[in-house]
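Asks: Requesting a structural model of the entry that follows:
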Amino acid sequence: MTSKPAFRRLAAIAAVLVGALTVLIVPVAYGQPPTSDYQSQYLSRVESRYVDTGLARFHYTRTGTGSPVVLVAGGGLWGYSWRDVIPALAAEHTVYAVDLPSQGFTDVHGDFAYDLPAMSQALGTFLDAVGLQRTALVGHSWGGAWSLYFAEQHPGRVERLVLLDSPGLDAEKAPVTPLFTTPLLGEVATNLTTRSFYADNIRGTFQNDHLVTEEVIDELYAPFSRPANRAGFLSLWRNLDYRLTDAGLAQVTAPTLVLWGGADTWLPASQAGRLAERIPEARATVLQNCGHTVHEDCPAQTNPLITTFLR
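Replies: Here you go, the predicted structure:
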């Protein structure tokens with residue numbers, strides 16, 4: 001979700017702080033920016049719902065009628081990320097866009113591990129709560145990794161699988177990974193993610209950055225600014241281990257579509273073909289001149305591919 005220029009700025013600021021302040025002083029002097037008080041306009045235009053479970057109170061939207069499709073957004077994002085995909089799918093499907101722990105308006109009950117097994121468990125808990133024994137899954141970035149791991153662990157529950165710019169190989173990682181995995185530096189970087197920094201980061205995942213309007217930033221940043229979501233976001237950076245997904249790729253039985261933005265600066269597009277080669281019934285498509293958030297950046301190219309595959 002984060003552009004390299006923006007996080008070079010964050011890294012430079014964090015380095016100065018680390019050199020000048022002690023571990024105890026930094027969190028006190030440079031606390032988190034206040035939680036955004038923006039009220040989502042998007043939620044007033046969709047069927048916004050909650051379902052409570054022992055693990056979490058899940059927020060989700062439900063749109064359309066037909067066979068089920070569950071959408072899982074990437075790290076630092078939420079269901080709003082699917083605003084262009086949902087109408088395209090809702091003509092033929094009942095579309096659920098779920099916020100998993102660390103996302104949107106979902107609240108976790110008690111301790112949560114924020115790793116691949118825990119995120120897979122959360123996805124399964126949500127599916128059980130809304131009565132879906134079997135469904136198609138569409139995941140972006142981290143959301144794709146969580147969906148992939150779920151499909152590996154529960155192949156009988158996944159009808160079809162779509163992975164958008166999703167890590168799953170034990171391979172190249174996002175360039176900013178060391179910033180978040182380094183003790184203290186990650187805390188400082190997360191605390192310094194103001195709306196302005198966040199906006200820079202989102203624009204860095206688009207080739208068509210004119211699509212990143214002030215409304216888009218407001219809608220995405222407000223849930224991210226919640227303290228629990230910030231903390232979960234940082235924990236995920238540190239805990240997601242793609243050796244697990246890599247080891248289980250042959251266990252996926254669902255037909256799988258791997259879509260990738262050819263201009264993705266987070267994860268190289270070469271991973272698309274390599275990932276598809278390891279999944280038994282998978283094929284890969286790379287969309288040129290599209291960034292990491294491919295479904296938001298290039299909906300005219302992405303949506304027909306997804307709708308046709310899920311038909």
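
Asks: Run a quick neighbour tally on residue 162.
Replies: Neighbours of residue 162 under the rule other Cβ atoms under 10 Å: 27. Using the backbone N, CA and C atoms, a C-beta is placed for each residue, glycine as well.

Asks: same deal with residue 35?
Replies: 14.

Asks: Same question for the one 5 residues further on.
Replies: Residues lying near residue 40 (other Cβ under 10 Å) number 18.

Asks: Please apply the same query to the one 10 residues further on.
Replies: Counted with other Cβ under 10 Å, residues neighbouring residue 50 total 12.

Asks: Beta-bridge partners for it, please?
Replies: Going by DSSP bridges, residue 50 is paired in beta bridges with residue 59.

Asks: And it, how close does it get to residue 200?
Replies: Plainly put, residue 50 is 32 Å away from residue 200 if you go by Cβ to Cβ, to the nearest Å.

Asks: Repeat that for residue 82.
Replies: Computed as Cβ to Cβ, the residue 82 to residue 200 distance reads 22 Å.

Asks: more crowded one of the two?
Replies: Counted by other Cβ under 10 Å, residue 82 and residue 200 do not tie: residue 82 has more neighbours, with 25 against 20.

Asks: tell me the phi and psi of that one?
Replies: With angles defined as degrees, to the nearest 10, residue 82 sits at phi -100, psi 10.

Asks: list the contacts for it?
Replies: By Cβ atoms under 8 Å, 6 or more residues apart in numbering, residue 82 lies in contact with 71, 73, 97, 295.

Asks: now, the most widely separated pair of these?
Replies: 97 and 295 (11.7 Å; Cβ to Cβ).

Asks: Just the buried residues of stretch 159-168, please?
Replies: 160-168 (16 or more other Cβ atoms under 10 Å).

Asks: Residue 130 is in contact with residue 60, correct?
Replies: Yes - at 7.4 Å, residue 60 counts as touching residue 130 under the criterion of Cβ atoms under 8 Å.

Asks: Return every residue with contacts to both of the two.
Replies: 51, 96.

Asks: Compare these two (neighbour count), which wins?
Replies: Remark: of residue 60 and residue 130, residue 60 carries more neighbours, 23 against 18, as counted by other Cβ under 10 Å.

Asks: Which residue comes closest to the more buried one once chain neighbours are left out?
Replies: Distances taken as Cβ to Cβ, 6 or more residues apart in numbering place residue 98 nearest to residue 60, at 4.3 Å, with adjacent residues excluded.

Asks: Which of the helices or strands spans the one you found?
Replies: Residue 98 belongs to strand 93-99 when assigned by DSSP states H and E.

Asks: for the next helix-or-strand element following that strand, packing partners?
Replies: As assigned by DSSP H and E, the chain's next helix or strand after strand 93-99 is strand 107-108. On a contact count with 3 or more Cβ pairs under 8 Å, 6 or more residues apart in numbering; DSSP states H and E, strand 107-108 meets strand 56-63, helix 227-239.

Asks: what's next to strand 107-108, contact-wise?
Replies: Identification of contacts with strand 107-108 by Cβ under 8 Å, 6+ apart yields 55-57, 101, 228, 232.

Asks: And the strands in the stretch 101-250 of the chain?
Replies: 107-108, 135-140, 158-164 (DSSP state E, counting those that start in this stretch).
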